[in-house]
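Colleague: dropping a prediction and its sequence here:
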Amino acid sequence: MRTASPRRYLMCPPAHYRVTYCINPWMDPRKPVDPAFALFQWEDLRDRYRALGHTVEVMDALPGLPDMVFAANGATVVDGRVLGARFANPERAAEAPAHLEWFRGHGHTDIQEPDHVNEGEGDFAVTSSWLLAGQGFRSSPLAHDEAQEFFRRPVISLELTDPRYYHLDTALAVLDDTADEIMYFPGAFSPGSRAVLQRLFPRALLATEEDAAGFGLNAVSDGLNVLLPRAAAGLFAPLRSRGFVPHAVDLSEFHKAGGSVKCCTQELRP
Ligand code: ARG
């Protein structure tokens, strides 16, 4: 029997969300974003979390930071400890101090400013046994050591090799963080990392290229409910047969910047 556990999420509204620069292959500043539709989609995601009984904290969006809606990248919080982010691209650099300020203003004291580039939960995923950490495009392998030391959890370093899956959370999602259950797209990883994933997660749900390209791995699970883009049609039946309840979400406006459900959601783990 699968059970949902109550979560606390941090989100940032798309008040200034646009595609004005290009730092991943999905972004094309010539393709306009519909700001009203983006806000509608974002509010729908927020309201679904609340309807499922989860707490959603909302931080203010800052002008000049169009990707700030992707709150997952701003920090990583495990066991109440906050590891700040350091962005690879100057366009997003100012998001990191904004997140630190939010945490300082909301009662968090165990906060570390990182020495090395890490894009928060974009590249860190938490299972019961490990902290899975992506590198290759954004986060530095040195940040993996830093995270291991700070969180006191074993880090498994994974190499991303396909620029479309530039963050770990575009290629892998944790389905049950009490039992090391994940789903991932093998094609996004180096042969060595693929073998590591196969060894650690022999029963993982493997996504097809098509579902990965529909941002199907950019999903959020509470242990029972899995929120994922409706475009990832092939994942719904396998999730159901494993006892999960998939919820189709439409975040198409955010796919234009290379992000979806998970990118918009930072989990605050007590
Ligand atoms: N445009 C953003 C970037 O390239 C998208 C970030 C998506 N976030 C994520 N957690 N994958 O940085």
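Modeller: Sure thing, it's come through. Residues are numbered from 1 along each chain as shown.
Colleague: next to the ligand, which bits of this protein? Give me the list.
Modeller: Neighbours of the ligand within the chain, by C-beta under 6 Å from any ligand atom: 23-24, 27, 67, 70, 72-73, 92, 122, 167, 169-170, 257-259, 263. For the C-beta atoms, the positions are set from N, CA and C on the backbone; glycine is no exception.
Colleague: go with 5 Å
Modeller: When proximity is defined by C-beta under 5 Å from any ligand atom, the chain lies next to the ligand at Ile23, Asn24, Asp67, Phe70, Ala72, Gly122, His167, Asp169, Ala257, Gly258, Gly259, Cys263.
Colleague: export these to JSON lines and append columns for pLDDT.
Modeller: What follows is the residues of the chain next to the ligand, written out as JSON lines (pLDDT from 0 to 100):
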{"residue": "Ile23", "pLDDT": "97"}
{"residue": "Asn24", "pLDDT": "97"}
{"residue": "Asp67", "pLDDT": "98"}
{"residue": "Phe70", "pLDDT": "98"}
{"residue": "Ala72", "pLDDT": "98"}
{"residue": "Gly122", "pLDDT": "98"}
{"residue": "His167", "pLDDT": "98"}
{"residue": "Asp169", "pLDDT": "98"}
{"residue": "Ala257", "pLDDT": "98"}
{"residue": "Gly258", "pLDDT": "98"}
{"residue": "Gly259", "pLDDT": "97"}
{"residue": "Cys263", "pLDDT": "98"}
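Colleague: now those residues: which count as buried?
Modeller: Buried members of the residues of the chain next to the ligand, scored by 16 or more other C-beta atoms under 10 Å, are Ile23, Asn24, Asp67, Phe70, Ala72, Gly122, His167, Asp169, Ala257, Gly258, Gly259, Cys263.
Colleague: surely the fourth one meets Cys263?
Modeller: Yes - under the criterion of C-beta atoms under 8 Å, Phe70 lies in contact with Cys263, with a separation of 4.2 Å.
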